[in-house]
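Participant: here you go, sequence then predicted model.
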Amino acid sequence: MLRKIIFFAVLFLLLTFAVSFCPVVTQWDRSLILFVQNHLSFLPSWLPMLPDCILYMVMIIIPLLGFGIYFIKKRLWKDLIILYSVPLITFLLNCILKPLIHRARPPFEFQITNIHPDSFSYVSSHSLVTICLWGMVIFYLNKYCKNRILKILLISVSVLWILFVGLSRVWIGVHNPTDVLGAYLLGVTLLCVYIKFV
């Protein structure tokens, strides 16, 4: 597990360096945003907005509430603290990374929504919170869920939600693809740290 932590951390640092110092990365990002938007333009415009509305908060509350009740009933205090620390740690990391990297959002003409965030872009906070929280859901489902069919169903929903949130950030043009990729790499690194040490 330590090798995985180092591997994903190095990948994240390399991507962060590329995003910060290689303008061609931003050019590729712009092309990818247009590619995604053009190829998904046949779908309803409200679809990529789902992670920006009440559903995003619901998808944070559901695992915190569901596993919280389970952990309290089973007196699994360590697991409860770990799970509830995930949103806090990801929030703090975003507060540190975004001003430090100082990467601008994609231009307004790329944004297909009336939401124009004024914060910095790297990394995607939606993607980071989602992969960390729902990654822990996958971990706990593997650890505690005895019903095989239910486990497969819930893990599939978790993976699809993680991927959809990342895609939606690019689709509506509020994040570069590398913002999402950076969030995923950092998220996987954090998950490996949680699983090994915590």
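Facilitator: Done, it's in.
Participant: packing partners of the host helix or strand of Phe35?
Facilitator: Counting by DSSP states H and E, the element that carries Phe35 is helix 23-39. Counting contacts by 3 or more Cβ pairs under 8 Å, 6 or more residues apart in numbering; DSSP states H and E, helix 23-39 packs against helix 2-21, helix 148-171, helix 177-197. Where you see a C-beta, it was placed from the backbone N, CA and C, and this is true even at glycine.
Participant: now with 7 Å?
Facilitator: helix 148-171, helix 177-197 (3 or more Cβ pairs under 7 Å, 6 or more residues apart in numbering; DSSP states H and E).
Participant: how about the residue nearest the centre of the chain, what does it touch?
Facilitator: When Cα atoms, centre = their mean is applied to the chain, the residue found nearest the centroid is Ser127 (2.0 Å). If a contact means Cβ atoms under 7 Å, 6 or more residues apart in numbering, then Ser127 has Val165, Gly166, Arg169, Val180, Ala183, Tyr184 as its contacts.
Participant: report pLDDT for the fifth one.
Facilitator: Listed pLDDT for Ala183 reads 97.
Participant: what of the first one?
Facilitator: Looking at Val165, its pLDDT stands at 95.
Participant: would you confirm that it contacts Thr130?
Facilitator: Yes: judged on Cβ atoms under 7 Å, Val165 makes contact with Thr130 at a distance of 4.4 Å.
Participant: returning to what we had before: chain neighbours aside, what residue packs nearest to the residue nearest to the centre of the chain?
Facilitator: Ala183 (3.7 Å; Cβ to Cβ, 6 or more residues apart in numbering).
Participant: still on that earlier bit, okay, and the residue nearest to the centre of the chain sits in which element?
Facilitator: Counting by DSSP H and E, Ser127 is found in helix 125-144.
Participant: what pLDDT, on average, does that helix get?
Facilitator: Rounded mean pLDDT across helix 125-144 is 95.
Participant: which of the contacts of Ser127 has the most neighbours?
Facilitator: Among the contacts of Ser127, Ala183 has the most neighbours (other Cβ atoms under 10 Å), with 30 neighbours.
Participant: could you dump the contacts of Ser127 to CSV with distance to Ser158?
Facilitator: What follows is those, written out as CSV (distance: Cβ to Cβ, whole Å):
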residue, distance to Ser158
Val165, 11
Gly166, 13
Arg169, 18
Val180, 17
Ala183, 16
Tyr184, 14
